[in-house]
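1. quick check, what structure comes out for this input:
(one chain, ligands or ions: 1)
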Amino acid sequence: MTKKAMIIILAVLLAIAVFLGMLILVDKVIMAPRRSSPDTPAEATATAAPDESATPEGGETVTPTPEPEPTQSLALAGLIIGIDPGHQGKANTDKEPCAPWGKDKNPSYNNETMKTKTSSGTAGKFTNMPEYIVTLQISLKMKAKLEALGATVVMTREDHNVNLSNIDRAQIGNDANCDVVLRIHCNGADNPSTSGIEAWIRGTGDGTAEYKALGDYERLLAEEMLTYLVNATNAVRRRVNSSDSYTGLNWSTAPSIIIECGFMSNEEEDNKLATDSYQELIAQGFADWLVNSTVLKRQ
Ligand SMILES: [Zn+2]
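-> From the prediction side, this is the model:
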């Protein structure tokens, strides 16, 4: 190869390099803004109307991306959750029928068995906190969390100055067509070392298949709920018990669970139950359960 030929080849290579360099420059400076422009209308459209596919100017079809944040934060949208903060400022010692069914249906508990409308509840052996204050504090924290997740929350009371019998409380949950009613209580025991969270559901009731099915469903819900409450609080897991002696459960047509959030007769648990931080953990346990439940049926 002659020197002249080599110079020509080098010159051609140089020309190609310069040409490629200019192409890259043109692409970066001039093409870039045009290429990124479809992203902006697509995002804006997705926020405004997530269900419609966006067609930005230029005719390109852009598949809208799902909105992870709002969807996640509304995990409980459509659910109606009843919360009954146990007891009230002043007990009502008048009597009301414990159950709607007659003696023929259930010989032990029937509408001739009368029970106190609203008992005074227990109180902290160490903190002296009345149960009705702690139950409302926990319930209001639950309300805030569940509403933030999109649930409709129906409270039986948000005040201590009410006069609601257990039948009244059940009726509020029934009228609101609640998916589930959570009745918040605290426990007491003679043994000061007894601690933990337990639940109560309806018993045999009027003996019908429908009543039994409701009780079976409540048991599934309550067992699953206890798992989340215990995970959130590290409290002792106690049993899911059933009974025919709770007026509020007997009169409830909605799935209904009494939750005894802890023992006010246990020094450690009494002190914890009176704190905002522990009440938050309990409320978070309920929220975690409702968001992750594989048992809860949506109406
Ligand atoms: Zn109670």
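
2. stretch 229-248 vs the ion: in contact?
-> No: under the criterion of Cβ under 5 Å from the ion, stretch 229-248 makes no contact with the ion; the nearest approach is 10.3 Å. For glycine as for every other residue, the C-beta is placed from the backbone atoms N, C-alpha and C.

3. what does the stretch 1-150 of the chain have sitting close to the ion?
-> Counting by Cβ under 5 Å from the ion, the stretch 1-150 of the chain sits next to the ion at 86, 121.

4. quick one: the nearest residue to Gly196 once chain neighbours are set aside from Phe286, how far?
-> Closest residue to Gly196 apart from its sequence neighbours, by Cβ to Cβ, 6 or more residues apart in numbering: Val236 at 3.0 Å. Noted for Val236: a distance of 18 Å to Phe286, by Cβ to Cβ, to the nearest Å.

5. just Arg202 next, same as before
-> 20 Å.

6. and for Ala232?
-> If you measure Ala232 against Phe286 using Cβ to Cβ, the figure is 8 Å.

7. so which of the two has more stuff around it?
-> More crowded of Ala232 and Phe286, by other Cβ atoms under 10 Å: Phe286, with 25 against 20.

8. quick one: the helices in the stretch 51-200 of the chain?
-> Remark: helices assigned in the stretch 51-200 of the chain by DSSP state H, counting those that start in this stretch are 68-73, 131-148, 166-175.

9. Throw the ones you listed into CSV and include mean neighbour count, thanks.
-> As requested, these are exported to CSV (neighbours: other Cβ atoms under 10 Å):
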stretch, mean neighbour count
helix 68-73, 10
helix 131-148, 21
helix 166-175, 21
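
10. mind putting these into TSV with mean pLDDT?
-> Output for the helices of the stretch 51-200 of the chain, formatted as TSV (pLDDT from 0 to 100):
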stretch	mean pLDDT
helix 68-73	53
helix 131-148	98
helix 166-175	98
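
11. Throw these into CSV and include distance to Glu269, thanks.
-> Listed next are these as CSV, based on distance: least, Cβ to Cβ, whole Å:
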stretch, distance to Glu269
helix 68-73, 32
helix 131-148, 11
helix 166-175, 25
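
12. nearest to Leu226, out of those helices?
-> In terms of Cβ to Cβ, the element of the helices of the stretch 51-200 of the chain nearest to Leu226 is helix 131-148, at 15.6 Å.

13. for that closest one, packing partners?
-> On a contact count with 3 or more Cβ pairs under 8 Å, 6 or more residues apart in numbering; DSSP states H and E, helix 131-148 meets strand 80-85, strand 152-155, strand 180-187, strand 256-263, helix 276-292.

14. so which of these comes closest to Arg169?
-> Nearest to Arg169 among the helices and strands packed on helix 131-148 is strand 80-85; the distance by Cβ to Cβ comes to 4.9 Å.

15. counting by contacts, list what that closest one packs against.
-> Strand 80-85 makes packing contacts with helix 131-148, strand 152-155, helix 166-175, strand 180-187 when contacts are defined by 3+ Cβ pairs under 8 Å, 6+ apart.

16. if you set the cut-off to 10 Å instead, what comes out?
-> helix 131-148, strand 152-155, helix 166-175, strand 180-187, strand 256-263, helix 276-292 (3 or more Cβ pairs under 10 Å, 6 or more residues apart in numbering; DSSP states H and E).

17. for Ala77, which of these is the nearest?
-> Closest approach to Ala77 among these (Cβ to Cβ): strand 152-155, 8.9 Å.

18. mean confidence score for the closest one?
-> Strand 152-155 shows a mean pLDDT of 98 in the predicted model.

19. and what of stretch 83-98?
-> For stretch 83-98, mean pLDDT rounds to 96.

20. which residues touch His160?
-> By Cβ atoms under 10 Å, 6 or more residues apart in numbering, the contact list for His160 reads 85, 87-90, 130, 132-133, 136.

21. apply 6 Å and report the result again.
-> By Cβ atoms under 6 Å, 6 or more residues apart in numbering, the residues touching His160 are 88-89.

22. got the phi and psi for it?
-> Backbone torsions for His160, taken as degrees, to the nearest 10, come to phi -90, psi -20.

23. swap in Thr127?
-> Reported as degrees, to the nearest 10, the phi and psi values for Thr127 are phi -90, psi -20.

24. ok, now which ones touch whichever residue of the stretch 151-299 of the chain sits closest to the ion?
-> Using Cβ to the ion, the closest approach of the stretch 151-299 of the chain to the ion is made by His185 at 3.5 Å. Contacts of His185 were listed using Cβ under 6 Å, 6+ apart, and they are 86, 258, 260.

25. what's across from it in the sheet?
-> Beta bridges link His185 to Glu260, judged by DSSP bridges.
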